[in-house]
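Student: Turn this into a model:
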Amino acid sequence: MDYSKQRQKSVHRKKLYENLNEMPFYIEEFVEYKELHDASPSTLLNYVYDFRVFFNWLLSEQIIEFKPIKDISFSDLENLKKKDVENFMRFLKLQQNMQNSSVNRKISALKSLFKYLTSLSENEDGECYFYRNVMAKIEIHKDKETLNARAKRMRSKIFHNDDQEFLNYVKYEHEKSLTKHQLFYFLRDKERDVAILSLFLGSGIRVSE
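Tutor: Coordinates of the predicted model:
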């Protein structure tokens, strides 16, 4: 990894930890969990930015009692309704004029957080923080993407001169852009494909080869 990439990661990591100071404790736990699974500082920083947008919206709409973001409890999240999340998506699209891809990214970040809180977290009694996952009821509506457009997007990851970032994209992000039919085949072959890519990248084989 070149110096500029190392510097960029250091900057993102510093911003990440600065922003975590304003977040609830369970966001920091979520970030630590993701770090163990090789999520990059830039990805995690985007997650935290997305969570802040969501929390601020919940407060501004008085869906939860007004308080500092740091004091938003997981019980506040447990009691959210499906309609609340749908209204948030509507806010992003209609009032913030976001494209589907940007809305989907924020919802995917929230889905990942809620999955952690309801399935992977653990309190002092060995139980998850809560079990009602409202985000499991939310569908992401993806724009259809041509094969050429997808190839260009993936190529940009490779040419970014960061092999680990590319592998993380394939392992954790690429599936979010697929239809259910495409996702079935991707997940079926995912382990094999990641192994092949790791071999190629580790041996220095370039895309042109």
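Student: Scan the helices and strands of this structure for the one with the lowest mean pLDDT.
Tutor: helix 147-158 (a mean of 55; mean pLDDT, DSSP states H and E).
Student: What are the structural domain limits within the chain?
Tutor: Following the assignment in automatic domain parsing, the chain carries domains at 3-137, 147-203.
Student: for those domains, which one ends up most surrounded?
Tutor: Mean neighbour count (mean count of other CB atoms under 10 Å) peaks for domain 3-137 among those, with a mean of 15. Every residue, glycine included, has its C-beta placed from N, CA and C.
Student: for that domain, what is the average pLDDT?
Tutor: If you average the pLDDT over domain 3-137, you get 94.
Student: same check, this time on stretch 181-188
Tutor: 79.
Student: Please export the C-alpha coordinates of it as CSV.
Tutor: Output in CSV follows, covering the C-alpha atoms of stretch 181-188 (Å, rounded to 0.1, in the frame of the first residue of the first chain):
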residue,chain,number,x,y,z
HIS,A,181,-31.8,-14.2,-8.4
GLN,A,182,-28.3,-12.9,-8.9
LEU,A,183,-27.7,-13.0,-5.1
PHE,A,184,-28.5,-16.8,-5.0
TYR,A,185,-25.7,-17.6,-7.5
PHE,A,186,-23.3,-15.1,-6.0
LEU,A,187,-23.6,-16.5,-2.5
ARG,A,188,-23.4,-20.1,-3.8
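Student: can you tell me the helix or strand for the residue nearest the centre of the chain?
Tutor: The residue lying closest to the centre of the chain (CA atoms, centre = their mean) is A109, at 3.5 Å. According to DSSP states H and E, A109 maps onto helix 100-115.
Student: For that helix, which outside residues touch it?
Tutor: Helix 100-115 is contacted from outside by 27, 30, 34, 46-47, 50-51, 53-54, 77, 85, 89, 92-93, 133-136, 138, 140-143, 176, using CB atoms under 8 Å, 6 or more residues apart in numbering.
Student: does N97 sit in a helix, a strand or a coil?
Tutor: coil (DSSP: H, G, I helix; E, B strand; the rest coil).
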